[in-house]
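Asks: what follows is a predicted structure for the sequence shown.
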Amino acid sequence: MSSLYFGDVFKNADVLLRGLGITFLISVGSLVLGLIIALPVAFMRNSRSGLLRFPSSLYVEFFRNTPLLAQLFFFFYGLPELGINTNAIVVAIIAIGLNTGAYNSEVIRAGLLSVDKGLIDASYALGMSPLQSTVYVVLPNAFRVAFKPLSSTFINMVLGTSTAASVTANELMNSAVVLAGNVFRPFEIYSTIFVGYCLLTFTLSFIAKFADYHLISKHGKMKNALKSSVGVSG
Amino acid sequence: MAVIDIKNVTKKFGDNTVLNNITLELNDEISAILGPSGSGKSTMLRCINGLEPIQQGDILVDGVSVKTRSNLRRIRKTCGMVFQQFNLFPNLDVIQNVTLSPIKILGQKRASAEKHAHSLLEKVGLLEKARHYPAQLSGGQQQRVAIARALAMNPKILLLDEVTSALDPEMTADVLKILESLAGEGTTMIMVTHEISFARRVSKRILFIDQGSIAADMPTDAFFSVDDQRIQKFLQHVG
Amino acid sequence: MDGSQFFFTEKATELSYQDLIFMLNAAGTTLAATLFSLLIGTLLGFILGMITTFKIPVLNKLPYIFIEPLRNSPLVVQLFLLFYGLPMLTKINFSKWQAAFITLGCNTAAFIAVIVHASVAAIPQHQWESAYALGHSYASSFTHIIFGQAFRIFIPPALNIYISQLHTSSLLSFIGFMEITHAG
């Protein structure tokens, strides 16, 4: 049984930091993709037209009821079969983005439904068209309710990027595994990234709470609080 | 010519007939709509500015039909509405609430819209709260802002849907004071209300609606001295 | 000895029929074992969560030493740390399966503990006050009055956690597959 030695970790910190950078890259890419998809899907799910509800519900149910790992494999092995050859990071962004998009659309949908009907009445009574009402009244107020759960799913998604290691994306977890193979200091390496992930989460949580206070809560609490339904994406 | 022309209007919610073949002409005066709860008073108001669709009949606001969707914007510019639950936009502060529609719908420049808003807020006594958010205001204050917001669109008619029903007596008095001064200025108002003494004081005409039909339609003085059992019973109940 | 045997490196089309049988078998046993570890995790989580609801100053914060790291890091990292880290510190050597299910159990416990805390905290203070006024002790109040209400609040988020843990455990079931095909 060996004694602990962290020196090897520090000497190879650049490997881990590069991995962390890839984690950031995948996280941001997935976040953007996820939000771009989530907003229209949320509206489609709430729509009166079955033609819009069906495909959007199918999408959400598929990505919420299957494991992220399976989704990653689906794209990692499936895309080349379709002739799309691209690197693991892009695959990860696509899979994780679609996954988080499904969870986010539910959160946004609940936020949209939580907007008091009276506000919509008032906006119409003031002469706004449905589009204007949605943009100036419904969306901002839905966002106020959805922000906290959305930041929660985002943080879970960041943790879920570690699953992308299984499709060879060289983010933080994968970098650690490779490093452990070269340096044979698994405990030091894994405990370092363990702490690293925790710090990352705490930082993101802090930023989210700060943003929530200054953009939203400061101006007074709203009556309808969305009960947090956190979706873990991995 | 009547400002609001209601012709044979029937309105149902599912199987429930809320307004039963109503025909009515509302003029350029202050009218109060009274009646028991559930009689269809608020619904009628909401049909006038197109918030509720009507199944039969038609409503003409300033000669324009409410049944054509493209007319609705014009109708809603003509009729301003104040709601029982205030319905201020929580994401905007007071001045933004008041100026949002004038800027986006009427195309006013921000500077002139804000100037107009300032004078309206002063009229309702809330100028110092201009940069506050609705959640930081009391119910009565929110309602006064709501009145300013409706007035900012320069409507010809003000529709008031039980605007004091959600307020305690002190705040009710504040809001009624504002409405009374508006009445003094000659603003056309159609108010659904339970404030009987207030209605008696400011309105020229009383409409009494019961179970979806107009049970009475007469000048104020006549209404309060009429020899009708149903009306007398109602007035006793409401005190 | 790197961690790559945890990860899938063959192309899906190279799987033979026998591999699929093995996979299904592994999946079956894995599911049962997963449910068991969710159960253990729930029990542990319940205990930890209850401790956080006590009014005793330092004690009610202690569980967070366990809960916070587990909630805020990926399951895979926890697994690797347990499987590779523990043998370096102590004489204990878990098998891959044991490590996997201990990790899943502890991870579940962390999430469940938070939900337990939130459910109990959601019960209005006046419920407790009424109970005390009627002469109940803490334990009696909890058993007779608080628990039933809290449990109803507990169910929906807990179900969400179970579903997401089942998803995550799919990661662990691959370990079983790799065990079988690579002969350990």
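Replies: That came through fine. Numbering: from 1, shown residues only, chains lettered A, B, ... in the order given.
Asks: contacting residues for residue A:66?
Replies: Remark: with contacts taken as Cβ atoms under 8 Å, 6 or more residues apart in numbering or on different chains, residue A:66 is in contact with residue C:167. The way it works is simple: take the backbone N, C-alpha and C, and place the C-beta from them, glycine included.
Asks: same check on residue B:114?
Replies: Residues in contact with residue B:114, defined by Cβ under 8 Å, 6+ apart, are B:95, B:99.
Asks: quick one: residue B:235 and residue B:224 touch, right?
Replies: Yes: between residue B:235 and residue B:224 there is a contact under Cβ atoms under 8 Å: 7.3 Å.
Asks: any idea which helix or strand in chain C has the lowest mean pLDDT?
Replies: For chain C, using mean pLDDT, DSSP states H and E, the weakest element among its helices and strands is helix C:147-181, scoring a mean of 77.
Asks: distance of the residue sitting nearest the centre point of chain C relative to chain B?
Replies: Closest to where the C-alpha atoms of chain C average out (Cα atoms, centre = their mean) is residue C:108, at 1.6 Å. Separation of residue C:108 from chain B (Cβ to the nearest Cβ, to the nearest Å): 38 Å.
Asks: what about that residue, which helix or strand?
Replies: Using DSSP states H and E, the element containing residue C:108 is helix C:96-121.
Asks: okay, buried residues for that helix please.
Replies: In terms of neighbour count (16 or more other Cβ atoms under 10 Å in any protein chain shown), helix C:96-121 has its buried residues at C:96, C:99-120.
Asks: ok, stretch A:200-215 next?
Replies: The neighbour-count check on stretch A:200-215 (16+ other Cβ under 10 Å) flags A:200-201, A:204, A:208 as buried.
Asks: nearest to chain C, of those?
Replies: Ranked by distance to chain C (Cβ to the nearest Cβ), the buried residues of stretch A:200-215 are led by residue A:201 at 3.8 Å.
Asks: and that closest one, what is it in contact with?
Replies: Listed by Cβ under 8 Å, 6+ apart, the contact partners of residue A:201 are A:155, A:158-159, C:72-73.
Asks: identify the residue of chain B closest to chain A, quick one.
Replies: Chain B approaches chain A most closely through residue B:135 (2.2 Å), counting by Cβ to the nearest Cβ.
Asks: the longest helix in the chain is where?
Replies: Chain wasn't specified; assuming chain A. Across chain A, the longest stretch assigned as helix under DSSP state H is helix A:13-46.
Asks: my question was about chain B, not that one.
Replies: Here the longest helix in chain B is taken by residue count, with DSSP H as the criterion, and it is helix B:169-184.
Asks: neighbouring strands - and their directions - for the next helix or strand after that helix?
Replies: Sequence order places strand B:188-192 as the next helix or strand after helix B:169-184, per DSSP H and E. Strand B:188-192 pairs in its sheet with strand B:31-34 (parallel), strand B:157-161 (parallel), by DSSP bridges.
Asks: give me the contact list for the longest one.
Replies: The contact list for strand B:157-161, computed with Cβ under 8 Å, 6+ apart, reads B:3-4, B:42, B:45-46, B:48-49, B:78-84, B:150-151, B:179, B:182, B:187-193.
Asks: now the residue most central in space within chain A, nearest residue through space, not along the chain?
Replies: Nearest to the mean C-alpha position of chain A, counting by Cα atoms, centre = their mean, stands residue A:154 at 3.6 Å. Once flanking residues are discounted, residue A:154 sits nearest to residue A:31: 6.1 Å by Cβ to Cβ, 6 or more residues apart in numbering or on different chains.
Asks: the one you found and residue A:153, how far apart?
Replies: Using Cβ to Cβ, to the nearest Å, residue A:31 is found at 10 Å from residue A:153.
Asks: and residue B:39, that one's in a strand?
Replies: No: using DSSP: H, G, I helix; E, B strand; the rest coil, the secondary structure at residue B:39 is coil, not a strand.
Asks: and it, what does it touch?
Replies: B:209-212.
Asks: ok, of the residues you listed, which come out buried?
Replies: Among the contacts of residue B:39, those classed as buried by 16+ other Cβ under 10 Å are B:209-210, B:212.
Asks: is it true that residue B:110 touches residue B:102?
Replies: No: the pair residue B:110 / residue B:102 is not scored as a contact, 9.4 Å apart, by Cβ under 8 Å.
Asks: strands of chain A, start to end?
Replies: Remark: no strands are assigned in chain A by DSSP state E.
Asks: where does pLDDT dip in it?
Replies: Per-residue confidence of chain A (counting by pLDDT under 70) places the weak regions at A:1-3, A:220-234.
Asks: what residue in it comes nearest to chain C?
Replies: At 2.8 Å from chain C, residue A:181 is the closest residue in chain A, using Cβ to the nearest Cβ.
Asks: please apply the same query to chain B.
Replies: Checked against chain C (Cβ to the nearest Cβ), the nearest residue in chain B is residue B:135, 22.2 Å away.
Asks: look at that residue and tell me its secondary structure.
Replies: Under three-state DSSP, the three-state class of residue B:135 is helix.
Asks: what about the residue nearest to residue A:154, neighbour count?
Replies: With neighbours defined by other Cβ atoms under 10 Å in any protein chain shown, the count for residue A:31 comes to 21.
Asks: contacts only, for it.
Replies: Under the contact definition (Cβ under 8 Å, 6+ apart), the residues listed for residue A:31 are A:97, A:100, A:154, A:157.
Asks: most widely separated two among these?
Replies: The most widely separated members of the contacts of residue A:31, counting by Cβ to Cβ, are A:97 and A:154 (11.8 Å).
Asks: residues contacting residue A:187?
Replies: By Cβ under 8 Å, 6+ apart, the contact set of residue A:187 is A:4, C:81, C:84-85, C:88-89.
Asks: go again with 7 Å.
Replies: Applying Cβ atoms under 7 Å, 6 or more residues apart in numbering or on different chains to residue A:187 gives the contacts A:4, C:84-85, C:88-89.
Asks: what about it, distance to chain B?
Replies: Residue A:187 sits 50 Å away from chain B, taking Cβ to the nearest Cβ as the criterion.
Asks: which SSE is residue C:31 in?
Replies: Using DSSP H and E, the secondary-structure element containing residue C:31 is helix C:17-53.
Asks: so what's the residue lying closest to residue C:84 once chain neighbours are set aside up against?
Replies: Nearest non-adjacent residue to residue C:84, counting by Cβ to Cβ, 6+ apart: residue A:186, 3.6 Å away. Residue A:186 sits next to A:180, C:84-85 when contact means Cβ under 7 Å, 6+ apart.
Asks: returning to what we had before: buried residues in the longest helix of chain A, which are they?
Replies: Those would be A:15-16, A:19-20, A:22-23, A:25-27, A:29-31, A:33-35, A:37-39, A:41-45, for helix A:13-46 by 16+ other Cβ under 10 Å.
Asks: coming back round to it: and the contacts of residue A:187, which two are the farthest apart?
Replies: With Cβ to Cβ as the measure, no two of these lie farther apart than A:4 and C:84, at 12.6 Å.
Asks: follow-up on the earlier one: neighbours of the residue of chain B closest to chain C, how many?
Replies: Every residue meeting other Cβ under 10 Å relative to residue B:135 is counted, giving 15.
Asks: same question, residue C:139
Replies: 8.
Asks: pLDDT below threshold where in chain B?
Replies: Short version for chain B, where the test is pLDDT under 70: B:1-2, B:239.
Asks: tell me where it has helices.
Replies: The residue ranges that make up the helices of chain B, judged by DSSP H, are B:41-48, B:72-78, B:94-104, B:110-123, B:139-151, B:169-184, B:196-202, B:220-225, B:229-238.
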